[in-house]
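J.: A structural model of the following input is requested.
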Amino acid sequence: MCLAVIAIQAHRDWPLIVLANRDEFHARPATPIGPWQEARAVLGGIDLQAGGTWLATDIRGRLALLTNVRDPAKQKANAPTRGDLPRSYLLENISSQSYLQRLAPNASQFNGFNLVLADGPHAVWHASNYQAPFAQPIKPGVHGLSNASLNTAWPKTDRVVQRVRAHLEQGGTPDTAYLMSIMRDFEGAPDQSLPVTGLTIERERLLASPFIVSPDYGTRCTTLLMRHRSGAAWVQEDRFDARGERVARVVWQHEAHVVGRAHSAWSQVEDGVGSRITAWSAST
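T.: Predicted structure coming up:
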């Protein structure tokens, strides 16, 4: 996961919205987002190479999101996989604050990371082994996260945050198609605006756009996660090939109040994408 927008209590009906692009090598295998075999209440993708995840949630409203910190000069060859951090949080019955307190003494063992954990829209935390203190609560608002610290002013991060904020400030029902399109942005940045992270200028140019396309590395999927004030959740994932063309879409939902059946499962939406968003926003 390399670019995310996190909107906390920025919309009356949808107090937690996460919109994210996962950038990775195309050859690295991963599952589409879906319920996990070991914990069906958890919904997320799985990195089949290392076994972790980059973005996942559960029916209780908990959330875990991971990005790497770009610092090639300080990479540890044998560090444990960072994808285990969001995975282990969601598999345990523990608060985000408690989990981060336990993780803090061992955080330096990992290569650089950002970890966003939420127990719900009123308890969202950001942690990084590149900051002090290690973990801090995130205030309400619309925040951006890429491969640097939270709200670092990289051009691509600022651009997608501004567009999401402007859309949510309109106050109407969030337009899922428009939100997804915000992340499909191929515009780069002038060389003088590029971050200096230790990569070549050619690589920095490639990574400067919100949506990355190249034969070996690029945006593999865009995910939209929306948590309604009722507790219901909507999760949409679009997956892309090395040309940047969409090859698949999957949508999952969890309804907090369903008469006559269990509330403990995710259900896949086969068609009518966006229809539930309108219905939930119209409900009291």
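
J.: So the nearest residue to residue 150 once chain neighbours are set aside, which state does it fall into?
T.: Using Cβ to Cβ, 6 or more residues apart in numbering and skipping residues adjacent in sequence, the residue nearest residue 150 is residue 126, 4.9 Å away. Just so you know, the C-beta spots here come from the backbone N, C-alpha and C atoms, and that holds for glycine as well. What DSSP: H, G, I helix; E, B strand; the rest coil gives for residue 126 is strand.

J.: Contact partners for residue 126?
T.: If you count contacts by Cβ atoms under 8 Å, 6 or more residues apart in numbering, residue 126 has them with 114, 115, 116, 135, 136, 137, 138, 145, 150.

J.: 6 Å instead?
T.: Contact analysis of residue 126 by Cβ atoms under 6 Å, 6 or more residues apart in numbering lists 116, 136, 138, 150.

J.: any idea how far it lies from residue 116?
T.: Distance, residue 126 to residue 116, using Cβ to Cβ, to the nearest Å: 5 Å.

J.: try residue 79
T.: 20 Å.

J.: Which of these two has more residues huddled nearby?
T.: residue 116 (26 against 13; other Cβ atoms under 10 Å).

J.: Now do the buried residues in stretch 155-169.
T.: 155, 156, 157, 159, 160, 161, 163, 164, 165, 167, 168 (16 or more other Cβ atoms under 10 Å).

J.: Pick the one among the residues you listed closest to residue 71.
T.: residue 157 (16.7 Å; Cβ to Cβ).

J.: which residues touch that closest one?
T.: 144, 146.

J.: tell me which residues form a beta bridge with the residue nearest to residue 150?
T.: Applying DSSP bridges to residue 126 gives these bridge partners: residue 116, residue 136.

J.: Pull up the per-residue confidence for it.
T.: Looking at residue 126, its pLDDT is 98.

J.: likewise the one 3 residues further on?
T.: At residue 129, the predicted lDDT confidence score is 97.

J.: what about the helices in this protein?
T.: Applying DSSP state H to the chain gives helices spanning 84-91, 96-103, 155-169, 176-183, 201-206, 275-282.

J.: Out of those, which one sits most buried?
T.: Most buried of those, by mean neighbour count (mean count of other Cβ atoms under 10 Å): helix 84-91, with a mean of 21.

J.: centre of the chain versus that one, how much separation?
T.: 14 Å (Cα atoms, centre = their mean, to the nearest Å).

J.: Could you do stretch 51-59 as well?
T.: Per Cα atoms, centre = their mean, the centroid offset for stretch 51-59 relative to its chain is 9 Å.

J.: when you give positions from now on, start the count at 257
T.: Sounds good: first residue 257 from here, last item stretch 307-315.

J.: what is the mean pLDDT for that stretch?
T.: On average, stretch 307-315 scores 96.

J.: from memory residue 274 sits against residue 479, does it?
T.: No - assessed by Cβ atoms under 6 Å, residue 274 is found out of contact with residue 479, at 7.5 Å.

J.: More neighbours: those two, which one.
T.: For residue 274 versus residue 479, the count of surrounding residues by other Cβ under 10 Å is larger for residue 479: 27 against 23.

J.: Next, find the distance separating that one from residue 290.
T.: Distance from residue 479 to residue 290, by Cβ to Cβ: 12 Å.
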